[in-house]
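> generate coordinates for the sequence data below:
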Amino acid sequence: ERVICEEIPQRASLRLEQYLSELPNRHDSIGVDAKLLKGDLDNILLKTLEKDPDLRYGTAEALKQDIERYLHEQPIEAREPTISYLAGKFLNRYRTIVVAILMVFLALISGLITTVWQANIAAKERDRAHQEARKAERINEFLRTILSYAGSYSEDYTTIKKEEITVLAALNEGAARLEADLAEEPEVRGALHLTMGESYSRLDKPNEAAYHFKAAHFIYEKIYPPEDPNYIRSLFYYAHSHAYKLELDSAAVLLNQLLDICNTTDQNNNPHVPHTLNSLASIERDRNRPENALSYARKLPATFEAAYGGDSPQYIFSLFSWTRFLLEAGKVQQADSIFRLLQVKKSNFPFSQERDRIIHKNQLKEFAAELNYLKGNYHQSYKDIKENFRIYKSKLPESQRNSSSYVLAGKIYRENTRPDSALYFFKKSLRLNGDVHSERFIIQTRLELANTYASLNRLKDAIQQYQTVLNRIDAGRLSAEYLAKERQQALRGLKELKP
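Numbering: from 1, shown residues only. Purely as a prediction, here's the structure:
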């Protein structure tokens, strides 16, 4: 009677847990889980056992109705109707509907977030487009201003072609005004430095070009992150500003830095990548490292194809470059196989201009001449190079000819016992755009000239050319360690000729 009237009854779930813990061996066989009693059933049982009659169910029907509420996931009277309890019951009753509504809500939120994000991107692109338009407008305005000075520019340009005088005058005037007129507009200033650098480069003014490329890069590295295409472009030209001054080690470091940036930012299809590889191959060749040059050059076809496509003029150029590096390294068999691929590509390539078709046709003829020369087929190489020059002479101005073809012609004519004609071609090569040749090219051409003089028994002229080679090497425009082979050739020639 005391237990019934005075002791507070224990929750059924807790009592069952205690009971099952005392009979561990029977736990699995009973098949009862005390957790099923927790919550509503505990509260229903406790209400039926309340000491105060007013707190118990008034009738058996009231108990039945509460149990039915429990079975239908409705709130029971035996439990306090808190917000969390009522919400939980609601969710259990309408789970499918709530999940569907929640998914629609999340979809709407996601769509809203995406819309806002795209709107932000569009706004940034719009702002960027406005900035680019403003930059282009300022560039055009500045260029119009400096071009107006071209007609009255008074500097003496007697050594420059007449058609280049006004352009060079305008460039010089623009260079003088650039920093002052655009001091508060670094993006415009950097773009103009790049434009001027490219223009000076085309006019064979490497020192002026190097100055502007360096200035552009120093501006861009302050306003653009390394992965930005503007930064990459400025770095490419800045590296070449070192190459123009024959600072090959510095140029190589910067070009490799550019490759690292493109590799780490997934920009391997950036158009500057294949051109950088071509420049590194040229630098390694000038540093007298033929195997390193080939390691870069063999990547040219694949990278140019990735950047421009397999049917592009740039891809054709890459095959020419790869063939050229193979020939310079004496890899005649490999060069021959690439040459055959070039012949197939050229026959199917739709050139947009007749001039381009002529130039590429003659490049093929030049490669054929060089391949035959290296194979010892001197007579056929003589016929190939004659045809090459016949077409050039009739179709293209002299300024558009490749000076290396004159060197090749000199070698071929010398082997075909025409040393006087060989002298003409070697001299012509040095005169034709001689200031833009690599230092190695100039020295090697002068060695060919000296050897030809020696074969004609013109000893004084031969000695003079060998000495000129040694003087250029000692002048240090290109590090002497990269010209050790050429130095030995010149010294050997002097030793054989001097008493």
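> neighbours of residue 461, how many?
Other residues near residue 461 come to 16 when the count uses other C-beta atoms under 10 Å. In this view, the C-beta of every residue, glycine as well, is placed from N, C-alpha and C.
> ignore the last one, residue 379
Residue 379 has 11 nearby residues by other C-beta under 10 Å.
> which of the helices or strands spans the closest residue to residue 388 other than its chain neighbours?
Spatial nearest neighbour of residue 388, chain neighbours left out: residue 365 (4.4 Å); criterion: C-beta to C-beta, 6 or more residues apart in numbering. Here residue 365 sits within helix 354-374, counting by DSSP states H and E.
> separation between residue 409 and residue 280?
Per C-beta to C-beta, to the nearest Å, residue 409 is found 29 Å from residue 280.
> equivalent analysis for residue 314, please.
Residue 314 is 17 Å from residue 280, by C-beta to C-beta.
> who's more crowded, the two?
Neighbour count, other C-beta under 10 Å: between residue 314 and residue 280, residue 280 has more, with 23 against 16.
> how close does residue 483 get to residue 252?
Relative to residue 252, and taking C-beta to C-beta, residue 483 is found at 17 Å.
> can you name the next helix or strand after the helix or strand hosting residue 426?
Using DSSP H and E, the element containing residue 426 is helix 419-431. The helix or strand immediately downstream of helix 419-431 is helix 439-455, counting by DSSP H and E.
> what is whichever helix or strand residue 343 is part of packed up against?
Using DSSP H and E, residue 343 sits within helix 332-348. Packing partners of helix 332-348 (3 or more C-beta pairs under 8 Å, 6 or more residues apart in numbering; DSSP states H and E): helix 313-328, helix 354-374.
> give me the mean pLDDT for that helix.
For helix 332-348, mean pLDDT rounds to 80.
> got the buried residues for it?
Of the residues in helix 332-348, 334-336, 338-339, 342, 345-346 count as buried by neighbour count, 16 or more other C-beta atoms under 10 Å.
> pull the contacting residues for residue 420.
residue 456 (C-beta atoms under 8 Å, 6 or more residues apart in numbering).
> and it, what pLDDT?
pLDDT at residue 420 comes out at 91.
> now the one 10 residues further on
In this prediction, residue 430 carries a pLDDT score of 85.
> same thing with residue 127?
Reported pLDDT for residue 127: 63.
> residue 267 too?
73.
> ok, it - how many residues close by?
17.
> for it, give me its contacts.
227, 232, 261, 273 are the contacts of residue 267 under C-beta under 8 Å, 6+ apart.
> and those, which of them are buried?
232, 261, 273.
> hmm, back to that, the contacts of residue 267 into a markdown table, with extra columns for pLDDT and secondary structure?
Listed next are those as a markdown table, based on pLDDT from 0 to 100; DSSP: H, G, I helix; E, B strand; the rest coil:
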| residue | pLDDT | secondary structure |
| --- | --- | --- |
| 227 | 88 | coil |
| 232 | 91 | helix |
| 261 | 90 | helix |
| 273 | 90 | helix |
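> any chance of the residues you listed in JSON lines with distance to residue 89 as columns?
Output for the contacts of residue 267, formatted as JSON lines (distance: C-beta to C-beta, whole Å):
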{"residue": "227", "distance to residue 89": "55"}
{"residue": "232", "distance to residue 89": "62"}
{"residue": "261", "distance to residue 89": "60"}
{"residue": "273", "distance to residue 89": "64"}
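> show me the shaky parts of the stretch 251-400 of the chain.
346-353, 355, 394-400 (pLDDT under 70).
> phi and psi next, for residue 309.
Phi and psi for residue 309, reported as degrees, to the nearest 10, are phi 100, psi 150.
> and the contacts of the host helix or strand of residue 255?
Element membership of residue 255, judged by DSSP H and E, is helix 248-264. Contacts of helix 248-264 with the rest of the structure, by C-beta under 8 Å, 6+ apart, involve 226-227, 232, 235-236, 238-240, 242-243, 267-268, 270, 272-273, 276-277, 279-280, 283-284, 286-287, 478-479, 482.
> got the angle for it vs helix 439-455?
Between the axis of helix 248-264 and that of helix 439-455 there is an angle of 130 degrees, by axes from the mean of the first three to the mean of the last three C-alpha atoms, to 10 degrees.
> now helix 248-264: how far from the chain's centre is it?
Remark: helix 248-264 is offset 11 Å from the chain centroid, using C-alpha atoms, centre = their mean, to the nearest Å.
> list the buried residues for that helix?
248, 251-252, 254-255, 258-259, 261-262.
> please apply the same query to stretch 171-187.
171-175, 178, 181-182, 185, 187.
> can you put those residues in TSV and add pLDDT, secondary structure and distance to residue 357?
Formatted as TSV, the buried residues of stretch 171-187 follow (pLDDT from 0 to 100; DSSP: H, G, I helix; E, B strand; the rest coil; distance: C-beta to C-beta, whole Å):
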residue	pLDDT	secondary structure	distance to residue 357
171	71	helix	32
172	76	helix	36
173	71	helix	38
174	71	helix	36
175	73	helix	37
178	71	helix	39
181	71	helix	43
182	71	coil	42
185	80	coil	43
187	83	helix	39
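> please identify which of the residues you listed is nearest to residue 86.
residue 187 (61.9 Å; C-beta to C-beta).
> hang on, the closest one packs against residue 222?
No - between residue 187 and residue 222 there is no contact under C-beta atoms under 8 Å: 10.6 Å.
> neighbours of residue 196, just the number please.
When neighbours are counted by other C-beta under 10 Å, residue 196 comes out with 25.
> element containing it, please.
Going by DSSP H and E, residue 196 is in helix 186-202.
> just want the angle from the very next helix or strand once past that helix to helix 248-264.
Using DSSP H and E, the helix or strand that follows helix 186-202 in sequence is helix 206-223. The directions of helix 206-223 and helix 248-264 differ by 40 degrees, with the same axes, to 10 degrees as the criterion.
> hang on, the earlier thing: show me which residues of the helix holding residue 426 are buried.
Buried-residue list, helix 419-431, by 16+ other C-beta under 10 Å: 419, 421-423, 425-426, 428-430.
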